[in-house]
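sequence and computational prediction follow.
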Amino acid sequence: PSSQGNMAAGVDLNQTSEAGKQALISYLIKLADHRSNRALLEAWADNSFEALAWFKEAASAGGIEVNPDEPEAERDITVNGYKVHLHANTYFRIGHDEVVKAIAPGAEAAGVEFFYSCPAVQLVTDEAGRVTGVVCEEDGKHVLFNASKGVILATGDYQCDPEMVAYYCPDIKEFPPCQINRTGDGHKMGVWAGGEIEPTTHTKMIHDARVGRVDTPHLLVNAKGERFMCEGPMQGYLNNYVRDYIHEADGDAAAGNLYTIVDAKWQDQIAEWKAIDPEIDASNCMWYYEGNTIEEACAAMAADTESGAYKLDAAAVQATVDRYNELCAKGADDDFGKNPTFMRAVDTPPFIVVPHEFGMGLSAIIGGLLINADNQVLKADEHTPIEGLFAVGNASGQFFGGVDYPMDIEGLSIGRAITGGYLAGKHAEQRGFAVAVLTHDTDAGALIYPEGQLGEHCFRGEFHPHFFATEKKCHGKRLSIIGNLAARSRAAMRSG
């Protein structure tokens with residue numbers, strides 16, 4: 001099985017009032033530039049705690065536990081004056097990829113069967129437009145497989161399809177894809193079956209590929225050693241500053257690297273500033289380089305050949321630091337207007353350089369087929385459900401909508417993907433569907449679930465494209481079981 005990420009977020013409604021839940025949803029819609037479908041956020045908020053509890057239990061049964069004493073796992077935030085309690089499954093230094101692999105044996109023990117080979121290329125509909133099967137390729141031939149009750153698209157995004165990127169998310173054309181086999185297969189098949197992809201431009205998720213979360217208002221310089229912005233906790237948006245740098249360097253992703261420059265006082269400053277803005281954080285900083293001078297810190301970074309050997313012009317950085325310290329002494333940022341509270345001189349050794357790889361940080365494009373709160377794909381124009389067709393995770397929308405993925409609720413993307421898959425499975429089960437789930441994993445796997453288990457096991461809407469199909473009798477019903485070719489994943493199935 002295959003997955004990615006370290007954290008999945010939800011809302012604990014046992015510790016959050018209805019007004020608090022609604023305030024959080026309204027806040028997320030604001031972060032999405034008011035383009036989200038509120039019903040989808042409602043479904044996540046109402047069901048995420050239950051879905052994540054199941055996922056945690058399944059992972060524990062497979063031998064993997066959440067991080068102990070993780071400060072981000074349980075936290076209160078205040079939105080519009082209301083307390084909201086956020087809960088998260090955190091697997092830092094483990095990763096959801098390993099968690100999903102650990103869950104697979106439990107699925108097999110519960111009666112799941114995996115099938116391999118034969119990529120799916122097109123959904124099949126009847127005269128009424130209901131999805132009834134899928135056309136696949138096997139040994140150079142097209143084969144029709146019937147899925148008598150429906151299909152769930154859990155096929156991930158399209159970052160590896162240049163034409164789709166150019167049309168739906170042109171913002172990322174300077175950024176190379178960091179995942180493989182994400183070619184939008186599910187999006188295309190859904191449209192061919194009568195669905196509609198949410199309006200452009202789609203939300204891009206570009207994190208620092210290097211250090212996790214180091215999001216502080218300290219001095220930040222570009223690959224030329226120059227200050228270029230009013231710094232603040234905004235990791236999810238920094239990619240917008242480096243796009244032109246990569247373009248000017250003829251696509252060299254290293255030109256998009258950024259560097260935080262601090263001194264011995266930085267952790268004390270962060271502790272002080274968190275009381276002002278809780279989003280200020282550097283708890284996951286794993287790579288940084290020290291020196292008694294700026295030059296020594298830059299040299300230490302360049303000498304680390306196993307971790308990138310980042311080269312930064314020490315003289316240029318020193319000139320930037322000198323100018324920054326002048327502004328700090330003056331108490332006014334004449335260059336970018338940063339809040340004087342966060343203007344602190346970089347003058348006490350050891351000096352520290354923290355590298356950030358934004359040029360190689362594209363995690364996902366979050367934009368997909370329009371769905372309703374039951375994860376049913378909607379018909380183009382009239383926006384009524386296509387019977388027998390569901391979409392989850394990054395193949396579905398419109399949950400987000402802003403230019404950039406908001407880092408304000410960490411783990412929201414994985415949390416909604418788990419919740420969406422969980423809900424699609426439960427809905428299909430309640431409707432008595434026999435469901436084939438297309439995934440975007442590699443070295444794929446389709447799963448057949450015994451009676452009554454789809455809602456519990458159809459949990460994750462994000463794997464690589466390239467699908468396969470086979471046909472099997474289960475509980476006396478014919479099923480089309482679709483998976484993919486490219487890291488062993490998940491397709492969940494149940495006969496009604």
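Cool, got the structure. Residues are numbered from 1 along each chain as shown.

show the pLDDT at Val99.
Val99 is assigned a pLDDT of 92 by the prediction.

going along the chain, name the strands of the stretch 301-450 of the chain.
Assigned by DSSP state E, counting those that start in this stretch, the stretch 301-450 of the chain shows strands spanning 351-357, 362-366, 369-370, 376-378, 385-391, 396-397, 435-439.

what does the stretch 51-200 of the chain give?
With DSSP E, counting those that start in this stretch as the criterion, the stretch 51-200 of the chain has strands spanning 74-79, 82-90, 120-125, 131-138, 141-146, 150-154.

could you identify which of those is most buried?
Among the strands of the stretch 51-200 of the chain, ranked by average contacts under mean count of other Cβ atoms under 10 Å, first place goes to strand 150-154 (a mean of 33). For glycine as for every other residue, the C-beta is placed from the backbone atoms N, C-alpha and C.

next up, the contacts around the residue positioned nearest the centre of the chain.
Per Cα atoms, centre = their mean, the C-alpha nearest to the average position across the chain is that of Ser413, at 4.6 Å. By Cβ atoms under 8 Å, 6 or more residues apart in numbering, Ser413 lies in contact with Gly5, Met205, Ala364, Ile366, Asn394, Tyr405.

doesn't Ala255 make contact with Ala223?
Yes: with contact defined as Cβ atoms under 8 Å, Ala223 reaches Ala255; the gap is 5.4 Å.

tell me, what's touching these two both at once?
Tyr245.

more neighbours: the two, which one.
Ala223 (23 against 19; other Cβ atoms under 10 Å).

check the secondary structure at that one for me.
coil (DSSP: H, G, I helix; E, B strand; the rest coil).

same check on Ala43?
Assignment for Ala43 (three-state DSSP): helix.

and it, how far is that from Cys178?
Counting by Cβ to Cβ, to the nearest Å, the separation of Ala43 from Cys178 is 29 Å.

over to Ala223?
For Ala223 relative to Cys178 (Cβ to Cβ), the value is 19 Å.

repeat for Ala58
From Ala58 to Cys178 the distance is 27 Å (Cβ to Cβ).

now do Phe55
24 Å.

tally of neighbours for Asp126?
Quick note: Asp126 (other Cβ under 10 Å) scores 11 neighbours.

how close does it sit to Gly420?
For Asp126 relative to Gly420 (Cβ to Cβ), the value is 26 Å.

if we can go back for a sec, which of the contacts of Ser413 sits closest to Asn325?
Tyr405 (34.2 Å; Cβ to Cβ).

contact partners for the residue nearest to that closest one when sequence neighbours are not counted?
Closest residue in space to Tyr405, ignoring its immediate chain neighbours: Met205 at 3.9 Å, by Cβ to Cβ, 6 or more residues apart in numbering. Neighbour list for Met205: Gly236, Leu362, Ser363, Ala364, Ile365, Ile366, Asp404, Tyr405, Ser413 [criterion: Cβ under 8 Å, 6+ apart].

same thing with Glu196?
Glu196 sits in contact with Leu369, Leu370, Leu378, Lys379, Ala380, Asp381, His383, where contact means Cβ under 8 Å, 6+ apart.

any idea how far Trp44 is from it?
Counting by Cβ to Cβ - Glu196 and Trp44 are separated by 21 Å.

could you do Ile25 as well?
For Ile25 relative to Trp44 (Cβ to Cβ), the value is 9 Å.

with Gln22 instead?
For Gln22, the distance to Trp44 - Cβ to Cβ - is 13 Å.

if you count surrounding residues, which of the two has more?
Set Gln22 next to Trp44 and count neighbours by other Cβ under 10 Å: Trp44 wins out with 24 against 18.

pLDDT weak spots in the protein?
Along the chain, segments meeting pLDDT under 70 span 1-2, 112-116, 210-213, 431-496.

who's in contact with the residue of it positioned farthest from its centre?
Here the chain reaches farthest from its C-alpha mean at Lys330, the gap being 41.5 Å by Cα atoms, centre = their mean. Lys330 sits next to no residue when contact means Cβ under 8 Å, 6+ apart.

for Ala395, same thing?
So Ala395 contacts Leu153, Ala154, Thr155, Gly156, Asp157, Gly186, His187, Gly190, Gly368, Leu369, Gly461 (Cβ under 8 Å, 6+ apart).

apart from its chain neighbours, what residue comes closest to the first one?
In other words, Leu153. Nearest one to Leu153, counting by Cβ to Cβ, 6+ apart, is Gly186 at 3.8 Å.

next, count neighbours for the one you found.
Neighbours around Gly186, by other Cβ under 10 Å: 34.

for the one 4 residues further on, same thing?
Residues within reach of Gly190, counting by other Cβ under 10 Å, total 32.

wait, it touches Gly388, no?
No: taking contacts as Cβ under 8 Å, Gly190 lies outside contact range of Gly388: 11.9 Å.

any chance you could map the helices in the stretch 301-450 of the chain?
314-330, 412-430 (DSSP state H, counting those that start in this stretch).

point out the most buried one among those helices.
The most buried one of the helices of the stretch 301-450 of the chain (mean count of other Cβ under 10 Å) is helix 412-430, showing a mean of 27.

could you check the angle that one makes with strand 150-154?
Calculated by axes from the mean of the first three to the mean of the last three Cα atoms, to 10 degrees, helix 412-430 forms an angle of 170 degrees with strand 150-154.

next, the angle strand 362-366 makes with helix 412-430.
40 degrees.

quick one: contacts for Met229?
Here Met229 is in contact with Leu220, Tyr241, Phe336 (Cβ under 8 Å, 6+ apart).

the second one and Ile103, how far apart?
Spelled out, that is Tyr241. Tyr241 is 39 Å from Ile103, by Cβ to Cβ.

and for Tyr324?
Distance of Tyr324 to Ile103, computed by Cβ to Cβ: 48 Å.

what's the answer for Phe399, then?
In terms of Cβ to Cβ, Phe399 sits 24 Å off from Ile103.

isn't Tyr241 right up against Phe228?
Yes: with contacts counted by Cβ under 8 Å, Tyr241 reaches Phe228, the gap being 6.3 Å.

what sits in contact with each of these two?
Joint contacts of Tyr241 and Phe228 (Cβ under 8 Å, 6+ apart) are Asn222.

pretty sure Tyr310 is touching Ala302, no?
Yes: with contacts counted by Cβ under 8 Å, Tyr310 reaches Ala302, the gap being 6.5 Å.

between these two, who's got more neighbours?
When neighbours are counted by other Cβ under 10 Å, Tyr310 and Ala302 differ, and Tyr310 comes out ahead with 20 against 16.

give me phi/psi at the more buried one?
The phi and psi values for Tyr310, taken as degrees, to the nearest 10, are phi -70, psi 130.

what ranges does the stretch 51-200 of the chain have for its helices?
Using DSSP H, counting those that start in this stretch, the helices of the stretch 51-200 of the chain run over residues 96-109, 162-168, 185-192.

mind saving the C-alpha coords of the shortest one as PDB?
Extracted as PDB, the C-alpha positions of helix 162-168 are listed here (Å, rounded to 0.1, in the frame of the first residue of the first chain):
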ATOM      1  CA  PRO A 162       1.300  18.800 -18.000                       C
ATOM      2  CA  GLU A 163      -1.900  19.600 -20.000                       C
ATOM      3  CA  MET A 164      -4.100  19.300 -17.000                       C
ATOM      4  CA  VAL A 165      -1.700  21.400 -14.900                       C
ATOM      5  CA  ALA A 166      -1.500  24.100 -17.500                       C
ATOM      6  CA  TYR A 167      -5.300  24.400 -17.600                       C
ATOM      7  CA  TYR A 168      -6.400  23.700 -14.000                       C
END
